[in-house]
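this one's sequence-less:
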């Protein structure tokens, strides 16, 4: 059976509004997307690490309760799980402070079996960490060789901006492995100093990958492929929190690939109608996430989209 495999950092997000805590939920960019997919009934596996503490147990239980296998979650003996403080501003966009207890001796992946048609999702700093890079590269080579679809969410945070030059080779290498690359306008402003979709496509993405999505929050989404150039408007909604919006947009695209039976070979041949269906799933999922303090689509929306 086709499945989705995610490689992710895992954190416990504590959300603050007007300097008061309002919610606490498991997080991490790929993890958020995997939980969204798990809620729709898609078989999901996550490769990640937590501490051996109480929060690590909370995260593992939460994953299984939401349809995501925790078989490949490594719990670092004697380590504390990572925590992020997410401060929501007047636009309900988050500004983060991270607390982590991991050193340079990171865990060794336990690699699940990958089959033709499986979908692999990677993203954020976790896909670039120098100490993990050899393992990430080895897994991506294995997944590509098995015919898996690879989806890369750049998701580059400001707190790593001082490392961007030394990480750029890995960013481009991930793009080379990927069948679809997605990033936010903010990601590209940090990495390249601009967010012009056409210029990014021509200079940074098309030499490596054939499908590129740039999301711009309320300003919509730009799509570039070898044959498609389209802008999609966002929904007009009232946001509660934008945490998890991009992550669930990713999940919507992957949901569409799964539901529509789109293979690795099909992606490069998608016409505007096919892409419109995929992007519509992404917009529906991300819009729903913005209406709550959870990082994933609501169980109500998930029941409507259940596979």
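Received the coordinates, thanks. These figures come from a predicted structure and were not determined experimentally. Residues are numbered from 1 along each chain as shown.

so residue 140 lies in a helix, does it not?
Yes: Residue 140 forms part of a helix when assessed by DSSP: H, G, I helix; E, B strand; the rest coil.

how far away is the closest residue to it other than its chain neighbours from residue 42?
For residue 140, ignoring the flanking residues on the chain, the nearest one in space by C-beta to C-beta, 6 or more residues apart in numbering is residue 177 at 4.5 Å. For every residue, glycine as well, the C-beta is placed using N, CA and C. Separation of residue 177 from residue 42 (C-beta to C-beta, to the nearest Å): 22 Å.

low-confidence ranges in the stretch 101-250 of the chain?
Low-confidence segments of the stretch 101-250 of the chain, defined by pLDDT under 70: 102-107.

quick one, helices of it?
Using DSSP state H, counting those that start in this stretch, the helices found in the stretch 101-250 of the chain span residues 133-145, 164-177, 185-192, 197-200, 245-259.

just these: most buried one?
helix 245-259 (a mean of 26; mean count of other C-beta atoms under 10 Å).

following that one, which helix or strand comes up?
Using DSSP states H and E, the helix or strand that follows helix 245-259 in sequence is helix 264-267.

now do whichever helix or strand comes after that next one: distance to the chain's middle.
Remark: after helix 264-267, the chain's next helix or strand is helix 272-289, criterion DSSP H and E. Mean C-alpha position of helix 272-289 versus that of the full chain (C-alpha atoms, centre = their mean, to the nearest Å) differs by 15 Å.

quick one: mean pLDDT over helix 272-289.
The average pLDDT within helix 272-289 is 97.

next helix or strand past that helix?
Heading C-terminal from helix 272-289, the first helix or strand you meet, by DSSP H and E, is helix 299-304.

and that following helix, what does it pack against?
helix 29-39, helix 272-289 (3 or more C-beta pairs under 8 Å, 6 or more residues apart in numbering; DSSP states H and E).

what lies in contact with the shortest one?
Where contact means C-beta atoms under 8 Å, 6 or more residues apart in numbering, the residues beyond helix 29-39 that reach it are 4, 6-10, 26, 44, 46, 48, 62-63, 66-68, 121-124, 126, 153, 155, 244, 246-248, 250-252, 254-255, 258, 285, 289, 295-297, 299, 302.

narrow these to those that are buried.
4, 6-10, 26, 44, 46, 48, 62-63, 66-68, 121-124, 126, 153, 155, 244, 246-248, 250-252, 254-255, 258, 285, 289, 295-297, 302 (16 or more other C-beta atoms under 10 Å).

who's in contact with the residue nearest to residue 135 when sequence neighbours are not counted?
Among residues not flanking residue 135 along the chain, residue 109 sits closest, at 4.9 Å (C-beta to C-beta, 6+ apart). Neighbour list for residue 109: 7, 47, 72, 135, 139 [criterion: C-beta under 8 Å, 6+ apart].

now for the residues you listed: which two are most distant?
72 and 135 (12.5 Å; C-beta to C-beta).

return the residues in contact with the closest residue to residue 33 other than its chain neighbours.
In this structure, residue 33 finds its nearest non-sequential neighbour in residue 251, 4.0 Å apart by C-beta to C-beta, 6+ apart. Neighbouring residues of residue 251 by C-beta under 8 Å, 6+ apart: 32, 33, 34, 36, 37, 282, 285, 296, 297.

which among those gets closest to residue 95?
Out of the contacts of residue 251, the member with the shortest distance to residue 95 (by C-beta to C-beta) is residue 32, at 17.4 Å.

kind regards, and thank you for your time.
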